[in-house]
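A.B. asks: below are the sequence and a predicted model; questions follow.
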Amino acid sequence: MLFALSKGMKSFLILILCIFTNLSFGAELTSEQEVTIKKVIQDLIQSSHQSLNKENLKISLYTIDSPEYFFVSNFGAKRLLLGSKNYRIGVNPLIFKNNIPKDALKAVLAHELVHTEDYENGSTLGTILPIGVKVSFKKSRAQYERKTDLKVVKKGFYKELLSYKKWQYTLLSPAALKIKKIEYLTPEEIYFTHNIATQQPELFNTWTEDFTPRNLSEFKLSTALFNKDAKLILEKKDYKIKESKDRRYRNGPRNSYYYSMTFKNSSNQDCLLLFYPFSNGKIKWKRKKTYNATANSATLFGWKQFGKLKKVIVAPQNCPLAQSFYSYSH
């Protein structure tokens, strides 16, 4: 029935097959290739992934054949059912056919071993099953994989990760490349987050422990808010905001509010605007609204939400205001 499924569902089923089976549909890894991978894994365990340096912990390799995935990190049935320390990494022989650089191989194996660390350091019910749920849904999968890339950066492999992206991107179709840039850090994000990791580790840790920004713009916005650099860049006459209560909920337990805001774009090009509610000292990343402000005009935007909004952050994109953020409070 695979032929009747959407492309996204096909990719998901391929991933599930790779995770929960040892199926191999193509060429096997040679003994020399296995030795190469095992040597890198062992070096990483001794240096950067020392929580996996345990006598009774085993990591085995198996072959996968998929145009969508080069590596998969998972675990054996004994780990899921009995709690034994048996983990697996699936490897696509295409990586050697396409001459993966040594530093790129180190980066992607560091990424897969971070997954293994997650499996090892958590319980079946508290960690492994929730991870399984995360990778089943597009948005939560992106959060999990981007957090994992951040942890690789934190371990000091940002140059190696850049090498892997450079090698990987040339092998992907335009559609697959678009998905990878959503689900994993891009080279631009790796550069940016590496600098934050060295200069502002406290901010960096919020991205691995809380909600991870979904693109470079959100990384910059998060940084601006953390440093209290988000500021009003428009004069008051350039905008106005109006709040009104939704009458449909006037007798209910919750109030729905409708907000409207006029944004004046005096430039000669359209601006993409990202609106984020902000409350209790945190940006509400998941409630992002996207609008287009037409060039040389005042554009009215509106959105509805439960609860009273005290502050909104606006991040202009692709226009003269692209490097700035501003907030409106009332």
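C.D. replies: Nice, thanks for sending it over.
A.B. asks: count of residues packed around residue 185?
C.D. replies: Residue 185 has 30 neighbouring residues, counting by other CB atoms under 10 Å. In short, each C-beta sits where N, CA and C put it, glycine included.
A.B. asks: from residue 156, how far off is it?
C.D. replies: Separation of residue 185 from residue 156 (CB to CB, to the nearest Å) stands at 15 Å.
A.B. asks: now swap in residue 172 and tell me
C.D. replies: Going from residue 172 to residue 156 by CB to CB gives 26 Å.
A.B. asks: ok, now residue 301?
C.D. replies: With CB to CB as the criterion, residue 301 and residue 156 are 43 Å apart.
A.B. asks: which one's more surrounded, those two?
C.D. replies: Legend: neighbour count by other CB under 10 Å for residue 301 and residue 156, higher for residue 301 (18 against 14).
A.B. asks: hang on, that one packs against residue 272?
C.D. replies: No. Counting by CB atoms under 8 Å, residue 301 sits too far from residue 272 to count as a contact (11.9 Å).
A.B. asks: which secondary structure state does residue 36 sit in?
C.D. replies: helix (DSSP: H, G, I helix; E, B strand; the rest coil).
A.B. asks: how about residue 291?
C.D. replies: strand.
A.B. asks: who does it bridge with?
C.D. replies: For residue 291, the beta-bridge partners under DSSP bridges are residue 273.
A.B. asks: that one: what's it in contact with?
C.D. replies: Shown in contact with residue 291 (CB atoms under 8 Å, 6 or more residues apart in numbering): 263, 272, 273, 275, 299, 301.
A.B. asks: try 10 Å
C.D. replies: 261, 263, 271-275, 299-303, 314 (CB atoms under 10 Å, 6 or more residues apart in numbering).
A.B. asks: give me the pLDDT for it.
C.D. replies: You'll see residue 291 listed with a pLDDT of 86.
A.B. asks: do residue 177 as well
C.D. replies: Looking at residue 177, the pLDDT reads 94.
A.B. asks: and what of the one 10 residues further on?
C.D. replies: We note a pLDDT of 97 for residue 187 in this prediction.
A.B. asks: name the nearest residue to it, sequence neighbours excluded.
C.D. replies: Nearest residue to residue 187 in three dimensions, chain neighbours excluded: residue 165, at 5.1 Å (CB to CB, 6 or more residues apart in numbering).
A.B. asks: ranges for the helices of the stretch 201-330 of the chain?
C.D. replies: 201-209, 216-226 (DSSP state H, counting those that start in this stretch).
A.B. asks: need the winner for burial among the ones you listed.
C.D. replies: helix 216-226 (a mean of 19; mean count of other CB atoms under 10 Å).
A.B. asks: same for that one, what does it pack against?
C.D. replies: helix 187-199, helix 201-209, strand 271-279, strand 282-283, strand 311-317, strand 326-329 (3 or more CB pairs under 10 Å, 6 or more residues apart in numbering; DSSP states H and E).
A.B. asks: the helix ranked longest in the chain - what's its average pLDDT?
C.D. replies: The helix that spans the most residues within the chain, counting by DSSP state H, is helix 102-121. In this model, helix 102-121 has a mean pLDDT of 93.
A.B. asks: may I see the buried residues of that helix?
C.D. replies: By 16 or more other CB atoms under 10 Å, the buried positions in helix 102-121 come out as 104-120.
A.B. asks: no further queries at this time; thank you.
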